[in-house]
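Chemist: heads up, no residue letters with this:
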Ligand SMILES: Cc1cc2nc3c(=O)[nH]c(=O)nc-3n(C[C@H](O)[C@H](O)[C@H](O)COP(=O)(O)OP(=O)(O)OC[C@H]3O[C@@H](n4cnc5c(N)ncnc54)[C@H](O)[C@@H]3O)c2cc1C
């Protein structure tokens with residue numbers, strides 16, 4: 001079957017808009033990467049992140065029905081490739097925020113969305129959200145049954161409040177610009193220590209400022225030099241009982257739904273890096289003689305190597321783009337989201353479902369694939385993020 005890789009006119013405009021923004025705003029922001037500590041570097045990107053929000057890139061990742069302008073995962077991929085190829089740190093701060101919002105967008109009720117989403121729709125400020133799954137010493141195996149560690153952060157219901165205890169690490173932007181927390185955190189917690197993971201884990205929203213959120217240190221990441229990846233604790237963090245996203249005990253299914261779309265975008269990150277590396281190498285080969293007579297590019301073997309690298313990079317791009325389109329195809333089901341194969345099990349576990357949500361909204365989430373993944377292979381084999 002032939003695959004059409006051409007962009008629509010609107011997608012081409014989005015690509016050029018993103019490319020121009022990346023070159024004018026995100027490229028100068030790379031200067032932050034020269035600062036000595038990860039926290040200083042992250043703080044120095046705040047104005048570039050504000051500009052990213054003001055330029056509408058966060059709104060373009062939020063579905064129309066939730067008040068945003070998202071036109072599908074393919075568009076998100078086009079935009080993210082352009083931004084990430086120039087500045088991986090600020091772009092990951094943006095996508096980390098999108099990931100932090102996904103449990104709310106997919107599993108949240110109308111009330112939760114209208115209460116928690118507005119700061120992210122404003123196109124102003126530097127709003128941050130984080131998805132807190134990973135923890136020190138255990139990451140890819142969130143769904144592991146005992147004796148594996150799986151999710152060890154706990155949430156215990158006391159009266160009408162959940163009390164969260166535990167530690168997390170590697171969570172993008174989690175402790176925010178000032179160590180007091182991102183605006184909202186979606187936190188994977190064990191809510192029933194005796195139930196199997198698929199029934200004993202839930203996603204909770206912690207709103208800023210959260211007393212008991214304790215910053216420990218920022219990881220000095222090799223690749224994302226100016227992006228915040230903290231190790232931190234929840235020490236008796238108290239949240240209202242209606243801050244559970246989806247159903248109590250349905251956290252792993254919701255997590256799988258969130259990470260399926262995000263995983264396709266991580267593929268795009270790799271494509272963007274390959275592109276940046278290719279462009280750097282091509283520039284070098286075209287301008288350097290390295291003490292010889294000929295430009296490096298004029299050596300035939302170099303041309304072959306570059307052509308091979310470009311072919312592989314574009315093949316990866318097509319594969320990641322195709323994954324995005326496949327996720328989109330789930331959304332072409334002409335029925336409410338309840339009719340979407342994977343959504344049905346999520347619906348069974350949800351107390352209340354946002355009435356306005358349509359299949360198209362799930363382009364960013366790929367919920368059918370997520371559920372297939374959950375049923376077929378188990379979240380234990382799903383890499384969460386990066
Ligand atoms: C830049 C960056 C940003 C991040 N942002 C976030 C975030 O916002 N939120 C968050 O929660 N986490 C975040 N993380 C953490 C990330 O999600 C984890 O690192 C990831 O889930 C664990 O994958 P891993 O490959 O590091 O696995 P590890 O647990 O370290 O395992 C290492 C490898 O062992 C193999 N393996 C392990 N278990 C299995 C299995 N059951 N089956 C098959 N193979 C297996 C896999 O090859 C795996 O890659 C971030 C990480 C980075 C680097």
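Modeler: Good, I have the coordinates. No experiment lies behind these values; they were computed from the predicted model shown.
Chemist: Please give the element, helix or strand, for the nearest residue to residue 267 once chain neighbours are set aside.
Modeler: Using Cβ to Cβ, 6 or more residues apart in numbering and skipping the chain neighbours, the partner closest in space to residue 267 is residue 320 (3.5 Å). C-beta coordinates here come from the backbone N, C-alpha and C atoms, glycine included. Secondary structure from DSSP states H and E places residue 320 in helix 300-330.
Chemist: What of residue 152?
Modeler: For residue 152, there is no enclosing helix or strand under DSSP H and E.
Chemist: How about the contacts made by the closest residue to it other than its chain neighbours?
Modeler: Spatial nearest neighbour of residue 152, excluding adjacent residues (Cβ to Cβ, 6+ apart): residue 166 at 5.8 Å. Contacts for residue 166 (Cβ atoms under 8 Å, 6 or more residues apart in numbering) come out as 135, 152-154, 189, 233-234.
Chemist: again, only using 6 Å
Modeler: 152-153, 234 (Cβ atoms under 6 Å, 6 or more residues apart in numbering).
Chemist: Ok, residue 167 next?
Modeler: For residue 167, the contact set (Cβ under 6 Å, 6+ apart) comprises 135-136, 233.
Chemist: filter these by proximity to the ligand?
Modeler: Residues of these in contact with the ligand (Cβ under 6 Å from any ligand atom): none.
Chemist: So which of these wins on neighbours?
Modeler: residue 135 (21 neighbours; other Cβ atoms under 10 Å).
Chemist: can you give me phi and psi for that one?
Modeler: Here is the backbone geometry of residue 135 (degrees, to the nearest 10): phi -140, psi 160.
Chemist: Surely it and residue 168 touch.
Modeler: Yes - counting by Cβ atoms under 6 Å, residue 135 touches residue 168, with 5.1 Å between them.
Chemist: if we can go back for a sec, what bridges to the residue nearest to residue 152?
Modeler: Beta-bridge partners of residue 166, counted by DSSP bridges, are residue 234.
Chemist: mind checking how far it is from residue 212?
Modeler: Residue 166 sits 11 Å away from residue 212, going by Cβ to Cβ, to the nearest Å.
Chemist: thinking again about what came up before, next one: the residue nearest to residue 152 relative to the ligand, how far apart?
Modeler: Distance, residue 166 to the ligand, by Cβ to the nearest ligand atom, to the nearest Å: 13 Å.
Chemist: Also residue 301?
Modeler: 33 Å.
Chemist: same thing with residue 126?
Modeler: Distance, residue 126 to the ligand, using Cβ to the nearest ligand atom: 17 Å.
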